[in-house]
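> only geometry, no sequence info:
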């Protein structure tokens, strides 16, 4: 039987059981959950899932099934069919992956500045986490630096940006970052 991939995004005020509810919908529709990312920001839950379904399962069927979940919080969902060719089963970097951490006094525009920095150099951001604690703003980015760019040049430009924004920014190759921070995946 022919299969198709669906991208499912769910948003809600956080509560226990949302992951179980959504994964159960996928299971009940004989779907195969391939990839998932979930986070809670300031009490707001967000989840993105890629799942494979029989061709008879439509976007509308999935949305209607999600809408029948008994929940004390409203579950908002977006469901989009996609072709298998657009689904990557693993991150395929164009260059080396680096981890950039930044910390400093909170002010507006920090994420926009980092986003523009990367965009203007054709650096792809493949992961971006931020946190505000009191007046201190922290960020951590996974970036894919194309082989056409000089890592030394990016370091110098980040140092200049850090000075301009009043941040402390550190960039390390992913392998070094993982070994220094004892991250095991």
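Alright, I've got the coordinates. These numbers come from a predicted model, not from an experiment. Residues are numbered from 1 along each chain as shown.

> Can you report phi and psi for the spatially closest residue to residue 59 that is not a sequence neighbour?
Spatial nearest neighbour of residue 59, chain neighbours left out: residue 79 (4.3 Å); criterion: CB to CB, 6 or more residues apart in numbering. All C-beta spots, glycine's among them, are computed from the backbone N, C-alpha and C. Here is the backbone geometry of residue 79 (degrees, to the nearest 10): phi -130, psi 130.

> Read off the pLDDT value for the most centrally placed residue in the chain.
With distances taken as CA atoms, centre = their mean, residue 127 lies nearest the centre of the chain, 5.2 Å away. We have a pLDDT of 87 for residue 127.

> oh, and call the first residue 49 from now on, that's how I've got it
Taking 49 as the first residue, the last one we looked at is residue 175.

> Next, the contact list for it, please.
Counting by CB atoms under 8 Å, 6 or more residues apart in numbering, residue 175 makes contact with 188, 189, 190.

> The residue nearest to residue 107 contacts residue 52, doesn't it?
No - using CB atoms under 8 Å, residue 127 is not in contact with residue 52; the gap is 11.6 Å.

> Having no further points to raise, I will conclude here.
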